[in-house]
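Trainee: Fold the following, please.
(chains A and B)
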Amino acid sequence: MAGQSDPHLSIFSAPEVEFLAEDEVIEIVPNIRMESLHMICGDFGPFFPQIAAKVPLWLAVALKRRGKCAIRVPEWMSVERLTQALEAERESPREFQTLPFHYVEISRLLFDHAHDDIPDEYMVRSLIEDIRDVRFHKVETGLESISGRTHAVKLKNLSAMEVNIVRPFIIRTLQAFYKHDSPQMIQQPEATGNRRSQVADRGPRRDLRPR
Amino acid sequence: MEEEPMSVVFQVGANGVGLLDPGSETNNVEKGAKVDLPFWLAHDLYLRQATSINVPACFNQKTRKEIQADAACVDLRMRCPYFYELGCKTVPLVGDKSIGSFLLQAFSSRYKEVLSKSHSTPTTTASKFLPRLTKEETQLFEAAQSSMASFKKWRVGGSRLEKASILGKKRKTTLPIDPPSP
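Mentor: Okay, the predicted model is just below:
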């Protein structure tokens, strides 16, 4: 994709992922009256005081910083929902809970710019930290199982920022394993069972990890 | 990596290259002489069938036993910083076909150690473990460390807006009288 800071490792920097997250739609409650805004990405508004409207996060943050609106914290960012999510994360060691793809970035943007709109801010903040830690630990345990015969790693429900953190590591790991497990490297003196003959035809087989 | 010394045995006598063999009294290398050459030279001479290549010391039985016993504790950097790269290039040159699977085995068992240390350990505590890694493993480790570090930096905040690199540059003068700016 264009605009990446390091094309070689194909990683985004954290601020770049945050930038992508700013396109997520969020609800605001304006306190001013304003005409529709015609943007390249679409038209938003018109805005009336105390009537909720849906706008992208970047617009919400811009209006909030000028004191023109309050941001409605999304459903999933309530203490109740996050506690549930954390418990579920802890209970299922192999699965990730469904959270918004950009939950790390959205929560940080809201903490930075709209902390007065978040009820129980400290609680929410620490819950999100805990969820992220539990999930990251799961990613690490999952990565331990990568071996020479892994062709793909399935990480369902992983969020953008989480993927971005482990991406350079996973890419290099898979490359190294691919190199060391290639048929040229592992040469067979004679037939040593069917495991080896499988290695020879690598093409269509995909070893997806059930996670 | 190409500079790594390889032990080779000359299959033919060579005149005028006595400097390759420090033990040689004349300016020639005799047939059957055992000499350490950098990999690139050893490889080239092997292709011309002038030498045969011995398995490098870092793939000997002693190292294999140590890797089997406790892979993560073996100081591979000391044996050969380019352990895996040299191994991959050595496989087609020597008769020993077990090197390939040994490399894979060594990498998979050491990989777990790198994984468990790389994302969560602060750099200061990693200093004990880092010197044992080969180049390839170090790159893996650093990739993980730097992505985690940049995430943490982002999380604690700091300046959100970065100046585009192009904005900092001085505008070039285009007048022909001026000396060309570098």
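
Trainee: Where does B:L37 sit: helix, strand or coil?
Mentor: Here B:L37 is recorded as strand under DSSP: H, G, I helix; E, B strand; the rest coil.

Trainee: what does A:F111 give?
Mentor: helix.

Trainee: Tally up the residues packed near B:Q145, please.
Mentor: 20 (other CB atoms under 10 Å in any protein chain shown). Using the backbone N, CA and C atoms, a C-beta is placed for each residue, glycine as well.

Trainee: Show me which helix runs longest in the chain.
Mentor: Assuming you mean chain A. With secondary structure taken from DSSP state H, chain A has its longest helix at helix A:121-144.

Trainee: You answered for a different chain; I wanted chain B.
Mentor: Chain B, longest helix under DSSP H: helix B:135-156.

Trainee: So that one, near chain A or not?
Mentor: Yes - counting by CB under 8 Å from any CB of the partner chain, contacts between helix B:135-156 and chain A involve B:136, B:139-140, B:143-144, B:146-148, B:150-151, B:153-155.

Trainee: Worst mean pLDDT across the helices and strands of chain B, which element?
Mentor: Using mean pLDDT, DSSP states H and E, the weakest-scoring helix or strand in chain B turns out to be helix B:123-126, at a mean of 66.

Trainee: For the residue most central in space within chain B, give me phi and psi.
Mentor: With distances taken as CA atoms, centre = their mean, B:Y82 lies nearest the centre of chain B, 2.7 Å away. Main-chain torsions, B:Y82, degrees, to the nearest 10: phi -110, psi 50.

Trainee: residue ranges with poor pLDDT in the chain?
Mentor: Picking chain A for this. Residue ranges of chain A with pLDDT under 70: A:1-10, A:187-211.

Trainee: try chain B instead
Mentor: Checking chain B against pLDDT under 70 turns up B:24, B:121-126, B:158-182.

Trainee: returning to what we had before: ok, the residue nearest to the residue nearest to the centre of chain B when sequence neighbours are not counted - contacts?
Mentor: Of all residues not flanking B:Y82 in the chain, B:M1 sits nearest, at 4.1 Å (CB to CB, 6 or more residues apart in numbering or on different chains). By CB atoms under 8 Å, 6 or more residues apart in numbering or on different chains, the contact set of B:M1 is B:39, B:82, B:85-86, B:89, B:135.

Trainee: neighbours of A:N31, just the number please.
Mentor: Number of residues near A:N31 (other CB under 10 Å) recorded here: 14.

Trainee: and if you look at the one 10 residues further on?
Mentor: Per other CB under 10 Å, the neighbour tally for A:C41 reads 9.

Trainee: so how far is chain B from A:C41?
Mentor: Going from A:C41 to chain B by CB to the nearest CB, to the nearest Å gives 20 Å.

Trainee: you'd agree that residue is up against A:V55?
Mentor: No - at 10.4 Å, A:C41 does not count as touching A:V55 under the criterion of CB atoms under 8 Å.

Trainee: With adjacent residues omitted, what lies nearest to A:A114?
Mentor: That would be A:I71: by CB to CB, 6+ apart, it lies 4.3 Å from A:A114.

Trainee: So in that sheet, which strands flank whichever strand or helix holds that neighbour, and in what orientation?
Mentor: Here A:I71 sits within strand A:69-72, counting by DSSP states H and E. The sheet places strand A:69-72 alongside strand A:25-30 (antiparallel), with pairing taken from DSSP bridges.

Trainee: in the partner strand, what's buried?
Mentor: By neighbour count on 16 or more other CB atoms under 10 Å in any protein chain shown, the buried set for strand A:25-30 is A:26-30.

Trainee: Pull out the buried residues from the helix or strand B:F102 falls within.
Mentor: Here B:F102, judged by DSSP H and E, is contained in helix B:99-118. Buried residues in helix B:99-118, counting neighbours by 16+ other CB under 10 Å, are found at B:99-108, B:110-115, B:117-118.

Trainee: try stretch B:64-78
Mentor: Result for stretch B:64-78 [16+ other CB under 10 Å]: buried residues B:66-67, B:71-72, B:74, B:76-77.

Trainee: how is the chain carved up into domains?
Mentor: As the question left the chain open, I've gone with chain A. Chain A breaks down by automatic domain parsing into domains covering A:1-72, A:74-184+A:203-211.

Trainee: you looked at the wrong chain, it should be chain B
Mentor: According to automatic domain parsing, the domains of chain B span B:1-54, B:57-153.

Trainee: Strands of chain A, residue ranges please.
Mentor: A:25-30, A:37-39, A:42-44, A:53-56, A:69-72 (DSSP state E).

Trainee: Run the chain-centre distance for the strand holding A:I71.
Mentor: 24 Å (CA atoms, centre = their mean, to the nearest Å).

Trainee: Check what contacts that strand and list those residues.
Mentor: Contacts for strand A:69-72 (CB under 8 Å, 6+ apart): A:26-32, A:47, A:52, A:60-61, A:63-64, A:110, A:113-114, A:117.

Trainee: redo that, cut-off 7 Å
Mentor: For strand A:69-72, contacts defined as CB atoms under 7 Å, 6 or more residues apart in numbering or on different chains pick out A:26-31, A:52, A:60, A:63-64, A:110, A:114, A:117.

Trainee: Save those residues as TSV, and put in distance to A:I146 too.
Mentor: Output for the contacts of strand A:69-72, formatted as TSV (distance: CB to CB, whole Å):
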residue	distance to A:I146
A:I26	37
A:E27	41
A:I28	43
A:V29	47
A:P30	49
A:N31	52
A:A52	46
A:A60	40
A:L63	45
A:K64	43
A:L110	35
A:A114	40
A:D117	42
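
Trainee: can you tell me which of those lies nearest to chain B?
Mentor: A:L110 (13.6 Å; CB to the nearest CB).

Trainee: so who does that closest one touch?
Mentor: A:71, A:73, A:118.

Trainee: at 8 Å instead, please
Mentor: Counting by CB under 8 Å, 6+ apart, A:L110 has contacts A:71, A:73, A:77, A:117-118.
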